[in-house]
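>>> next input, structure requested:
(chains A, B and C)
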Amino acid sequence: MGEGFGKGCHLHLIDGSAFIFRAYHALPPLTRKSDGLPVGAVAGFCNMLWKYVTDERGHDAPTHAAVIFDHSSKTFRNEIYTAYKANRPEPPEDLRPQFPLTRDATRAFNIACIETQGYEADDIIAALSCKARDAGGAVTIISSDKDLMQLVGDGVQMLDPIKGKPIDRDEVFEKFGVYPDRVVDVQALAGDPTDNVPGAPGIGIKTAAQLITEFGDLESLLARADEIKQPKRRQTLIDHADQIRISKRLVELDCNTPLDFTLESLEVRAPDAARLLAFLSEMEFRTLTARVAEKLGAEAPAVVSAPPREAPAAPDLPPIDRSLYETITDREALDRWIQLIRDTGQVAIDTETTGLDEMQADLVGVCLAVAPGKACYIPVGHVAGGDDLFGQSAPVAGQLPLADVLAALKPLLEDPAILKIGQNLKYDWKMLARHGIRMAPLADTMLMSYALNAGTHNHGMDELAERYLGHKCIPIKDLIGTGKAQINFGQVPIDKAAPYAAEDADVTLRLFQHFAPLLPVERVTTVYETTERPIVPVLAAMEMAGIRIDAEVLRRMSGAFAQKMAQLEDEIFALAGQRFTIGSPKQLGEILFDKMGMTGGKTGKTGAFSTSADVLEDLAAEGHDLPARILDWRQISKLKSTYTDALPTFVNPDTGRVHTSYSIAGAQTGRLASTDPNLQNIPVRTEEGRRIREAFIAAEGHRLVSLDYSQIELRILAHVADIPALKQAFREGIDIHAMTASQMFGVPVEGMDPMIRRRAKAINFGVIYGISSFGLSRNLRIPRAEAQDFIDTYFRRFPEIRAYMDRTLADAKADGSVRTLFGRRINTPGINQSGPAAGGARRAAINAPIQGAAADIIRRAMIRMPAAIAHLPARMLLQVHDELVFEVREDAVDDLIAIARDVMEGAADPAVKLSVPLVVDAGHGANWAEAH
DNA sequence: ACGCTCACG
DNA sequence: GACGTACGTGAGCGTA
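Next comes the predicted model:
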């Protein structure tokens, strides 16, 4: 102990984590105005610190002070007892990005800020208290946490920060029935459900205190447990002696926690006005900034949004060396790796499987990486090279059994203190979920790249490795081949598979280290944390649930379609005067335009005739029969090949349901995309197509419920472009297209001509897409000049839209990106091009913030949905951009609709306060057609 | 592998 | 004055 601390000194220890949670729950969910970053907890935290700093304490003022935080990683207690704090819920999504900011705040107040990896704040507080007390000083712990009460006495006191009331020995006795030196014994017996400390079953604080008082201390009690009179209680203590001792080690605070600083370094310092004000204004806390400025006699800086900061320099990494990877074939090595991961607190993981369909593929191996270059491969499902004559293949010797490996990894993969890093983790999450492992918490490099680079490039691992690590991964084709000769990964020899597989984990870890520091610099942390990362388990659950289809109905429809097509083919060949391949646009074009001499233009690039639907429709309108028949044939052909033929092949034999897969980082705008099969483009617009939806059915005793946002993109436009007429119409629930027509053409909404309304509707949609007279004229089949007149009128009536478009384009040109209301960034690399390509880039830039905000809103709803409906016999099955489909037990339909509607209509809150209401329509039925 | 066409929001 | 165009997706088919 140095001489700077001793008698007469007074150390204040502030429980930072308790401050954060109290601030978070006490305040409404505030966000920073410039970018929507949640800062409510930071604001409360700062107010509490300011109050603390300015409190008049007279002679009792501290000479030394520190704020102590929990470090978000596993602690030594998890080694004693893996389930310690395991039932702690994840912190709320809008709180997570605020943790680092509270550290910044503490430093800005010029108060020492302390956290140590592997230790809880309580241990650091204990060690500091012991040291200060032993040096002869006084200690005040500013917290009301009962776990700290064991420290009270001998010059250490606690202070409840809310009530401002001291907690002394007598208060502790009142709470625990014993004095501080026996509090640990009582806690060990009583356990603590919030921290998952087991204790002795059936024994609470009262009984525990009584036993400890009677026997003196815990060890005496356990040694003489047979003397306890009550038989049940006696047996409990004898049976659970070990569990009680473990509980004691969990609740006992460690006075010997290593401290990498001295007490002297905690000396109270006056706040540095400039630094503190800079922080508060960066957070955009106007009131507090002004208050602090007044008190410190400084000038308050203007509160403006933070300037972009410099990206941190990338550290030099050892190059990728595949010969360093380890192949794990024995238990000792596996245990060594598990320990290594526990020591590190995070691991990159990748699973290797026999196929791309994670609902059916089998596990072949697991790869792990803990540091760049330090990766391993655990083979579990490799089989002998070629199949034998009977198509059988034998497992390769020397692999650990799959069940053993998964049993060993499960506690690690489910440990809330260990971060699992992956590339497209949804795949691995589902793979492991099929073996009963629910991996959490997750970090996904694909999604980090998406938050940073959407619009710039795709986010597959090979591409990311090449761009950001300068490394070319082994192509999978080198191992499994292509085409007919392709084998599955399980048939690849282990010595060839291991370097490939381990490399994936190594690359993933390196990508994580590359992307993680960039998220705050590029100001996409909030998007990543609130709309990307948490959606992974939600989508995984939806995909695994799947949806039931009636394959028999679809097969019957296919048969009917086949008959109809045969009939149409006869008519088409008769009209054409020859047989040809109807599905070939080339042959069809030649027949229509060369042979039969119909008028139609050639298209650009290939110089081929266009035979698209609108061309054929024009020809049909001129009275030609053949194009009309072709259109009929095409429609039926499409329905048959893409839907009624294909969907039954996607029924999973194990579940009897169809499981789509959502790509999270596929679309540029934040939308999801559905593949294998695509369930986001099931027909609905035509009567015949809609019948396909009748084959999507609810399970026995259930209903399908569909909820969809009404006009969400137009509502977002009304809000972001700040168009009073539009906003008012939405608030009053007026038919928005009729209102537009009324404003444009000066006719009343009542008794509106449907044709006029249709035109207004087309213009409303056109605006969202980046309108052009050409596009509108084609859509409405009116002359281009007339379309241009409509557009001019529209912009005159709603001048705010033009202003919004100009603003958006200026931003895109200046930043190379646009942002949604929620901070999602969509890069617009083509925006400064010249020539024809520029038009497309401009329209995409105008559309992206609108489509993207709608995507953000439904993502937010989906992320909140599982918890909101957990108590109902209901599951979320599908997302179709502005629609969510649920499967609900019949008796819970009304409850589900009420709750899901609330979640969806409130999904923008609290990040964005929309100036228009969100409205959700709902329906239900035995099948999707009825529900819609 | 690529373009055309068409299903959806 | 002429380019070319409505925004965002995925799947099946024919053709190279």
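
>>> what comes up buried for the helix or strand harbouring residue A:243?
Residue A:243 belongs to helix A:241-251 when assigned by DSSP states H and E. For helix A:241-251, burial by neighbour count (16 or more other C-beta atoms under 10 Å) applies to A:243, A:244, A:246, A:247, A:248, A:250, A:251. Backbone N, C-alpha and C define where each C-beta goes, glycine included.

>>> who's in contact with the second one?
Right, residue A:244. By C-beta atoms under 8 Å, 6 or more residues apart in numbering, the contact list for residue A:244 reads A:188, A:189, A:199, A:200, A:218, A:222, A:237.

>>> so what does the helix or strand hosting residue A:464 touch, helix or strand wise?
Using DSSP H and E, residue A:464 maps to helix A:461-464. Contacts defined by 3 or more C-beta pairs under 8 Å, 6 or more residues apart in numbering; DSSP states H and E place helix A:461-464 against helix A:445-453, helix A:494-515.

>>> swap the cut-off to 7 Å and go again
helix A:494-515 (3 or more C-beta pairs under 7 Å, 6 or more residues apart in numbering; DSSP states H and E).

>>> chain center to the helix it packs on: distance?
Computed by C-alpha atoms, centre = their mean, to the nearest Å, the chain-centroid distance of helix A:494-515 equals 23 Å.

>>> for the next helix or strand after it, buried residues please.
Per DSSP H and E, the first helix or strand lying C-terminal to helix A:494-515 is helix A:518-521. By neighbour count on 16+ other C-beta under 10 Å, the buried set for helix A:518-521 is A:518, A:519, A:520.

>>> redo those residues as CSV? Include distance to residue A:544 and pLDDT.
Below are these laid out as CSV (distance: C-beta to C-beta, whole Å; pLDDT from 0 to 100):
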residue, distance to residue A:544, pLDDT
A:518, 32, 93
A:519, 29, 93
A:520, 33, 86
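
>>> about what we covered before: neighbour-wise, give me the winner out of the contacts of residue A:244.
Highest neighbour count within these: residue A:188, with 28 neighbours (other C-beta atoms under 10 Å).

>>> picking up where we left off before, quick one: which of the buried residues of helix A:518-521 is nearest residue A:862?
residue A:519 (21.6 Å; C-beta to C-beta).

>>> residue A:347 should be in a strand, yeah?
Yes: counting by DSSP: H, G, I helix; E, B strand; the rest coil, residue A:347 is located in a strand.

>>> ok, back up a step: contacts for the helix or strand just after the helix holding residue A:464, please.
Counting by DSSP H and E, the next helix or strand C-terminal to helix A:461-464 is helix A:477-480. For helix A:477-480, the external contacting residues (C-beta atoms under 7 Å, 6 or more residues apart in numbering) are A:486, A:487, A:488, A:489, A:492, A:496, A:497, A:500.

>>> now which of these would you call buried?
Using 16+ other C-beta under 10 Å, the buried ones in the contacts of helix A:477-480 are A:488, A:489, A:492, A:497, A:500.

>>> JSON lines for these, including pLDDT and distance to DNA strand C?
Shown next, in JSON lines, are those (pLDDT from 0 to 100; distance: C-beta to the nearest atom of the strand, whole Å):
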{"residue": "A:488", "pLDDT": "92", "distance to DNA strand C": "21"}
{"residue": "A:489", "pLDDT": "95", "distance to DNA strand C": "22"}
{"residue": "A:492", "pLDDT": "94", "distance to DNA strand C": "26"}
{"residue": "A:497", "pLDDT": "95", "distance to DNA strand C": "28"}
{"residue": "A:500", "pLDDT": "94", "distance to DNA strand C": "25"}
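
>>> dump the residues you listed to CSV, plus distance to DNA strand B.
As requested, these are exported to CSV (distance: C-beta to the nearest atom of the strand, whole Å):
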residue, distance to DNA strand B
A:488, 19
A:489, 20
A:492, 21
A:497, 23
A:500, 20
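
>>> so which two of the residues you listed are the farthest from each other?
Distances among those were taken as C-beta to C-beta; the most separated pair is A:488 and A:500, at 13.7 Å.

>>> quick one on the thing from earlier: now, which of the buried residues of helix A:518-521 sits nearest DNA strand B?
The closest of the buried residues of helix A:518-521 to DNA strand B turns out to be residue A:519 (C-beta to the nearest atom of the strand; 27.6 Å).

>>> please tell me how far the closest one sits from residue A:452.
From residue A:519 across to residue A:452, the span is 7 Å (C-beta to C-beta, to the nearest Å).

>>> go on, residue A:709?
To residue A:452, residue A:709 is 28 Å away according to C-beta to C-beta.

>>> out of the two, which sits in the busier spot?
Ranked by neighbour count (other C-beta under 10 Å), residue A:709 and residue A:452 place residue A:709 first, with 23 against 19.

>>> what is the more buried one paired to in the beta sheet?
For residue A:709, the beta-bridge partners are residue A:920 (DSSP bridges).

>>> that one: what's it in contact with?
A:882, A:904, A:918, A:920.

>>> tell me the pLDDT of the first one.
Looking at residue A:882, its pLDDT is 97.

>>> same deal with the second one?
At residue A:904 the predicted local confidence, pLDDT, stands at 97.

>>> is any part of the helix or strand where it lies close to DNA strand B?
Assigned by DSSP H and E, residue A:904 belongs to helix A:893-905. No: using C-beta under 7 Å from any atom of the strand, helix A:893-905 stays clear of DNA strand B, coming no nearer than 12.9 Å.

>>> show me what that helix is packed up against.
strand A:702-709, helix A:836-868, strand A:883-889, strand A:920-925.

>>> so for the next helix or strand after the last one, mean pLDDT?
Next helix or strand after strand A:920-925 toward the C-terminus (DSSP H and E): helix A:928-931. Mean pLDDT, taken over the full extent of helix A:928-931, equals 96.

>>> who does helix A:928-931 touch, helix- and strand-wise?
helix A:687-693, strand A:702-709, strand A:920-925.

>>> looking at the ones you listed, which is closest to residue A:32?
Using C-beta to C-beta, the nearest of the helices and strands packed on helix A:928-931 to residue A:32 is strand A:702-709, at 26.3 Å.

>>> is any part of the next helix or strand after that closest one close to DNA strand B?
Moving toward the C-terminus from strand A:702-709, the first helix or strand encountered (DSSP H and E) is helix A:712-720. No: Helix A:712-720 does not reach DNA strand B (C-beta under 7 Å from any atom of the strand); its nearest approach is 7.8 Å.

>>> output helix A:712-720 as PDB, nothing but the C-alphas.
C-alpha atoms of helix A:712-720 as PDB (Å, rounded to 0.1, in the frame of the first residue of the first chain):
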ATOM      1  CA  ILE A 712     -46.300   1.100 -45.000                       C
ATOM      2  CA  GLU A 713     -44.000   2.600 -47.600                       C
ATOM      3  CA  LEU A 714     -46.300   5.500 -48.400                       C
ATOM      4  CA  ARG A 715     -46.600   6.200 -44.600                       C
ATOM      5  CA  ILE A 716     -42.900   6.200 -44.300                       C
ATOM      6  CA  LEU A 717     -42.700   8.600 -47.300                       C
ATOM      7  CA  ALA A 718     -45.200  10.900 -45.700                       C
ATOM      8  CA  HIS A 719     -43.100  10.900 -42.500                       C
ATOM      9  CA  VAL A 720     -39.600  11.300 -43.900                       C
END
